[in-house]
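Trainee: I need the structure of the sequence given here:
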Amino acid sequence: MTVTLNVRARLRSLPLPAAAAACLLSFVAFWMAQRAANVTMLDLSVYRAEGETVLAGGDLYAMRATSANLPTTYPPFAALLFTPLTLLGVPEMRTLATAGNLLLLLALVHLSLRLVGRDRPETALWAAAVLVWCEPVWTTLRYGQINLLIAVAVLWDLTRRGNNRWAGVGTGLATAVKLTPGLFVVLMLIVGLARAREHGWAWNAWLRQAATATGVFAAVTVASAVILPYDSRRFWTEMIFETSRVGRTEETANQSLSGVLARLMHTTDPGHWWLVTALLVGVAGITVAVRAALRGDRPVAVVACATTALLVSPISWSHHWVWCVPVLILLATRVPAGWTVAVGLVFASFALWWVPHAPAPVRLELHQNGWQMLLSGLYTLVGLGLLAAFALRLRGEVRLPRQAVAKE
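Mentor: Numbers count the residues shown, from 1 in each chain. Alright, predicted model coming up:
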């Protein structure tokens, strides 16, 4: 413990230029490693194809793009956001996406540190230099995904002051793009109603954020329906229910409860087993998040809500777990260093790719043995472990006085 404290003290004492240089060198090495690995950025190409389809007036959900024949899976609003990508050539688009995602990682680290009350520029740079090598971050940049943008938008809201009029906008926009951040709106609403009940049903910051997020989501979704009526009708009445469009449930990259159950049961469809498990975990997870928020522990509330969304989603690809950034930063401030290192190794080891896996139509994931299933479910196990640890800790904590929580 003394050694750990000394290391942390030495890192904090290093000047800002040293931290900036270390971060820059790490990012450059990361960029070179991605180029050496010939990353394809397939998802980014799909986003560009969506923008082209919208501008050409084509059928958004009949479109297929790239050599992998990938379909559109997001709501129409996302396709409208992707139209500027059509102004760039493919090399320029990939370069801009890589640079943009690295900047978004810095923003996510900064917001995560602000969330836990440790917001220092040197700390953010040192942390980003290390966290860029986590598998979810690597895979996000490999595919040109938007996961970092979604996480930053949500955390921007949840690190604002309670009276900030813009708090909620980021979550509303993120939900309009990718639906799963909507669980944060549920958290805001439940906590807001609980606080209102305690204070004579008075309006509060949580309710304001929930209302703003809901209003923004509704406004951009309606606007998208006006611009793209046919695609909007198809998405909200048909495509939203076709989870198979996103990918195969049993794939190793699927780090949600449904993926783990599919591999455990050696089936492509865990069916009612997943529905029951997801319902139980979802209720338990959101309860932990709400209780943490009501006790004034916003960092735990945010991490618990994000983890719950990842666990209960039908598909949570490994790159969706960029929420490992706030998870690891929270753990670094709350638990012994050994636990933080252990969880960090899970996300940095790429262990889920050590097991047999193959693209369709081969289904090697259905024939994994016990050890292979363990490795291919590590993110899910970490998520369940976090929720259990948070629940146990909350049982032993005393709730903050009403005067303290009312300030949020």
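Trainee: what secondary structure does residue 285 sit in?
Mentor: Assigned with DSSP: H, G, I helix; E, B strand; the rest coil, residue 285 falls in the helix class.
Trainee: Leaving out sequence neighbours, find the closest residue to it.
Mentor: Spatial nearest neighbour of residue 285, excluding adjacent residues (CB to CB, 6 or more residues apart in numbering): residue 308 at 2.9 Å. C-betas here are computed from N, CA, C, even on glycine.
Trainee: Make sure that neighbour is actually in contact with residue 289.
Mentor: Yes - judged on CB atoms under 8 Å, residue 308 makes contact with residue 289 at a distance of 6.7 Å.
Trainee: How many residues are close by the residue nearest to residue 285?
Mentor: 26 (other CB atoms under 10 Å).
Trainee: What is the helix or strand where it lies packed up against?
Mentor: Here residue 308 sits within helix 298-312, counting by DSSP states H and E. Here helix 298-312 touches helix 90-115, helix 147-158, helix 182-198, helix 271-294, helix 324-334, helix 378-395, going by 3 or more CB pairs under 8 Å, 6 or more residues apart in numbering; DSSP states H and E.
Trainee: With mean pLDDT, mean neighbour count and distance to residue 58 added, can I get the ones you listed in JSON lines?
Mentor: Below are the helices and strands packed on helix 298-312 laid out as JSON lines (pLDDT from 0 to 100; neighbours: other CB atoms under 10 Å; distance: least, CB to CB, whole Å):
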{"stretch": "helix 90-115", "mean pLDDT": "96", "mean neighbour count": "19", "distance to residue 58": "20"}
{"stretch": "helix 147-158", "mean pLDDT": "97", "mean neighbour count": "24", "distance to residue 58": "25"}
{"stretch": "helix 182-198", "mean pLDDT": "94", "mean neighbour count": "20", "distance to residue 58": "28"}
{"stretch": "helix 271-294", "mean pLDDT": "96", "mean neighbour count": "18", "distance to residue 58": "34"}
{"stretch": "helix 324-334", "mean pLDDT": "96", "mean neighbour count": "22", "distance to residue 58": "36"}
{"stretch": "helix 378-395", "mean pLDDT": "94", "mean neighbour count": "18", "distance to residue 58": "36"}
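Trainee: With distance to residue 315 added, can I get the ones you listed in TSV?
Mentor: Output for the helices and strands packed on helix 298-312, formatted as TSV (distance: least, CB to CB, whole Å):
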stretch	distance to residue 315
helix 90-115	21
helix 147-158	13
helix 182-198	15
helix 271-294	11
helix 324-334	18
helix 378-395	12
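Trainee: Which one, of those helices, ends up nearest to residue 251?
Mentor: helix 378-395 (13.1 Å; CB to CB).
Trainee: what separates that closest one from the chain centre, distance-wise?
Mentor: 17 Å (CA atoms, centre = their mean, to the nearest Å).
Trainee: on contacts alone, who are the packing partners of that helix?
Mentor: Using 3+ CB pairs under 8 Å, 6+ apart: helix 378-395 touches helix 257-265, helix 271-294, helix 298-312, helix 337-348.
Trainee: returning to what we had before: which of the helices and strands packed on helix 298-312 sits closest to residue 366?
Mentor: Closest to residue 366 of the helices and strands packed on helix 298-312 is helix 271-294 (CB to CB; 15.0 Å).
Trainee: contacting residues around the closest one?
Mentor: Helix 271-294 is contacted by residues 183, 186-187, 190-191, 194-195, 206, 257-258, 261-262, 265, 298, 300-302, 304-305, 307-308, 311-312, 314, 384, 387, 390-391, 394, 399, 405 when judged by CB atoms under 8 Å, 6 or more residues apart in numbering.
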